[in-house]
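J.: here is a sequence together with a model predicted from it:
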Amino acid sequence: MNVRIFPDKTTLGRAAASQAADLIAQAIADQGRARILVATGESQFQFLDALVQEPRIDWRKVEMFHLDEYIGLSIDHPASFRRYLLERFIRRVGLSDYHLLDGETDPVTVTLEVGKALASAPVDVAFAGIGENGHLAFNDPPADFTTEEPYLIVQLDEACRVQQVGEGWFNQVSEVPHRAISISIRQLLKSKVILAIVPDARKAVAVQRCLEGPVSPKVPASILKRHPNVTLYLDHQSASLLKPAGAKKVS
């Protein structure tokens, strides 16, 4: 795993966006189109803001999927990931080829239909984060490392739900849904390249456990170490607990 560490999350976001733009533009040049997976959450703000300003991408040739969505949450709710992507990404670049996970009406059907579309061809680049509890997408510990289903219906653990309140998406834990649609671990790992954007001190413990501990369903993001092409973008705060050997590549 390539680990890159930056002074702050703004420079981190710009660097990650530059690599993302290179990868997307190269996929378009090589095969006429690019398929991407996009993460959401507070940790992605600076990255997505930089990415939408990249001039090298012909967004007409990009197909987008996303990682996860709450079940039973209205698209009008501030925490809706569909709303997040529409406002922060899709509308800003004029993307027309995208698949949103609708958890409001029939999540089982959505999981199957969007999953079939996602699995129909390789994903060129996936953007991801790491949760405070080590989750990858909404795969909370202990994560399912074996299922081949592209998307799953999952139960959110208490730590994950508390994180959503801490990020300001909900006023209290009781408001956070208990279930969500999430991309599976195996499906995410099928992406050709993964860029994990993980700033902030509150992610430091999870980053340390991911990089310095064993690969384990108890730390879902640790599975990234088994992918052949992952770049982990950290800032000084999220990298603060790493031993020097785990933080050699500093930008």
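T.: Structure's in. What do you need? This structure is a prediction, so every number in the text was calculated from the model and none was measured. Residues are numbered from 1 along each chain as shown.

J.: where's the spatially closest residue to E132 that is not a sequence neighbour relative to A79, distance?
T.: Using CB to CB, 6 or more residues apart in numbering and skipping residues adjacent in sequence, the residue nearest E132 is Q163, 4.8 Å away. C-beta: built from backbone N, CA, C; applies to glycine. In this structure, Q163 and A79 are 12 Å apart, going by CB to CB, to the nearest Å.

J.: for the protein, which helix is longest?
T.: The longest helix of the chain (DSSP state H) is helix 9-31.

J.: output the contacting helices and strands for that helix.
T.: For helix 9-31, the contact count by 3 or more CB pairs under 8 Å, 6 or more residues apart in numbering; DSSP states H and E identifies strand 2-6, strand 34-38, helix 45-51, strand 125-128, strand 193-198, strand 230-235 as packing neighbours.

J.: so what does the fourth one touch, helix or strand wise?
T.: Using 3+ CB pairs under 8 Å, 6+ apart as the contact test, the elements touching strand 125-128 are helix 9-31, strand 34-38, strand 193-198.

J.: kindly report the same for the last one.
T.: Counting contacts by 3+ CB pairs under 8 Å, 6+ apart, strand 230-235 is packed against strand 2-6, helix 9-31, strand 193-198, helix 204-212.

J.: which residues does the nearest residue to A143 once chain neighbours are set aside contact?
T.: Take A143 and drop its neighbours on the chain: the residue closest to it by CB to CB, 6+ apart is P220, 3.7 Å away. Contacts for P220 (CB atoms under 8 Å, 6 or more residues apart in numbering) come out as G134, H135, L136, N139, D140, P141, A143, I185.

J.: count of neighbours near I194?
T.: Residues within reach of I194, counting by other CB atoms under 10 Å, total 22.

J.: ok, it touching R226?
T.: No - using CB atoms under 8 Å, I194 is not in contact with R226; the gap is 11.0 Å.

J.: on that earlier part again, the residue nearest to E132: which element?
T.: Taking DSSP states H and E as the definition, one finds Q163 inside helix 158-166.

J.: hey, C-alpha coordinates of that helix in PDB?
T.: What follows is helix 158-166, C-alpha atoms only, in PDB (Å, rounded to 0.1, in the frame of the first residue of the first chain):
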ATOM      1  CA  GLU A 158     -23.300   2.000  17.600                       C
ATOM      2  CA  ALA A 159     -19.900   3.400  16.900                       C
ATOM      3  CA  CYS A 160     -20.800   4.100  13.300                       C
ATOM      4  CA  ARG A 161     -24.000   5.800  14.300                       C
ATOM      5  CA  VAL A 162     -22.300   7.900  16.900                       C
ATOM      6  CA  GLN A 163     -19.800   9.000  14.200                       C
ATOM      7  CA  GLN A 164     -22.600  10.300  12.100                       C
ATOM      8  CA  VAL A 165     -23.800  12.500  14.900                       C
ATOM      9  CA  GLY A 166     -20.200  13.700  15.600                       C
END
